[in-house]
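# what's the 3D shape of this:
(chains A and B)
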Amino acid sequence: DAGITQSPRYKITETGRQVTLMCHQTWSHSYMFWYRQDLGHGLRLIYYSAAADITDKGEVPDGYVVSRSKTENFPLTLESATRSQTSVYFCASSEGTVLQPQHFGDGTRLSIL
Amino acid sequence: LAKTTQPISMDSYEGQEVNITCSHNNIATNDYITWYQQFPSQGPRFIIQGYKTKVTNEVASLFIPADRKSSTLSLPRVSLSDTAVYYCLVGDMNTDKLIFGTGTRLQVFP
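Numbering: from 1, shown residues only, chains lettered A, B, ... in the order given. Prediction:
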């Protein structure tokens, strides 16, 4: 089925470990986004990508790394996880510009102990 | 880029019209305003988008005054299924910058 899928849905890890969150979309949308959602902060943009091999920082990029070797995939890596990165992470995609409606995945709930 | 402010929560009853306002005092010329709806354990879903004046679709209306320093999402005749968190988003097409509001939790009672 067409759509945007995130994996895993839930993840528990320890501080200092590397963890990668996966995002895959089947629409061939050019734009993809990663957000984190925390109580009291709403959704904050971490990184986004306008096309394959093009990425840019959002509002809160520190501690995260992204790549986009293929249009359909946009993984997010925490190279050395910290407790402050405990959050719910959402991936989204849109066609054309950032103003086009974004289609969100169901999120990954990440807990860092 | 404009910082956005929304009320934390609102209550309503079924059948009433609900208006949720988002303040964006520093909105720039190239910024557009978009609203999303989010249910628990799901990602946000697009509702409506506008630049100025009024926009209407099958589920909502968006009112933007001439100075564009605020916007109001209007939900006509809400039902229990409209209970959700509503976010406004200010985005600039030229700079690719996006700022979400902190969200308004709408609770609809029977």
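
# Now the residue of chain B found nearest chain A. Nearest residue, chain neighbours left out?
For chain B and chain A, the shortest gap (Cβ to the nearest Cβ) falls at residue B:43, measuring 2.7 Å. All C-beta spots, glycine's among them, are computed from the backbone N, C-alpha and C. Leaving aside its sequence neighbours, residue B:43 sits nearest to residue A:104 (Cβ to Cβ, 6 or more residues apart in numbering or on different chains; 2.7 Å).

# What number of neighbouring residues does that neighbour come out with?
For residue A:104, the tally of surrounding residues (other Cβ atoms under 10 Å in any protein chain shown) stands at 22.

# quick one: pLDDT of it?
Per-residue pLDDT puts residue A:104 at 96.

# who touches it in this structure?
A:4, A:90, A:91, A:92, B:42, B:43, B:44, B:45 (Cβ atoms under 8 Å, 6 or more residues apart in numbering or on different chains).

# ok now do residue A:105, which residues does it touch?
Taking Cβ under 8 Å, 6+ apart as the test, what residue A:105 contacts is A:4, A:5, A:6, A:23, A:90, A:91, A:92, B:43.

# what bridges to residue B:49?
residue B:34 (DSSP bridges).

# wait, doesn't it sit right on residue B:55?
Yes. Between residue B:49 and residue B:55 there is a contact at 7.1 Å, judged by Cβ atoms under 8 Å.

# Return every residue with contacts to both of those two.
residue B:62.

# Residue A:84: neighbour count?
For residue A:84, the neighbour count with other Cβ under 10 Å is 11.

# Show me which residues of chain B are close to chain A?
B:32, B:34, B:36, B:41-46, B:49, B:87, B:91-93, B:96-103 (Cβ under 8 Å from any Cβ of the partner chain).

# What subset of the residues you listed is buried?
B:32, B:34, B:36, B:43-44, B:46, B:49, B:87, B:91-92, B:96-103 (16 or more other Cβ atoms under 10 Å in any protein chain shown).

# lowest confidence element among the helices and strands of chain B?
Lowest on mean pLDDT, DSSP states H and E among the helices and strands of chain B sits strand B:97-100, with a mean of 84.

# Identify each buried residue in the next helix or strand after that one, please.
Following strand B:97-100 in sequence order, the next helix or strand is strand B:104-109 (DSSP states H and E). The neighbour-count check on strand B:104-109 (16+ other Cβ under 10 Å) flags B:104, B:106, B:108 as buried.

# could the residues you listed be laid out in a markdown table, adding pLDDT?
Output for those, formatted as a markdown table (pLDDT from 0 to 100):
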| residue | pLDDT |
| --- | --- |
| B:104 | 96 |
| B:106 | 98 |
| B:108 | 97 |
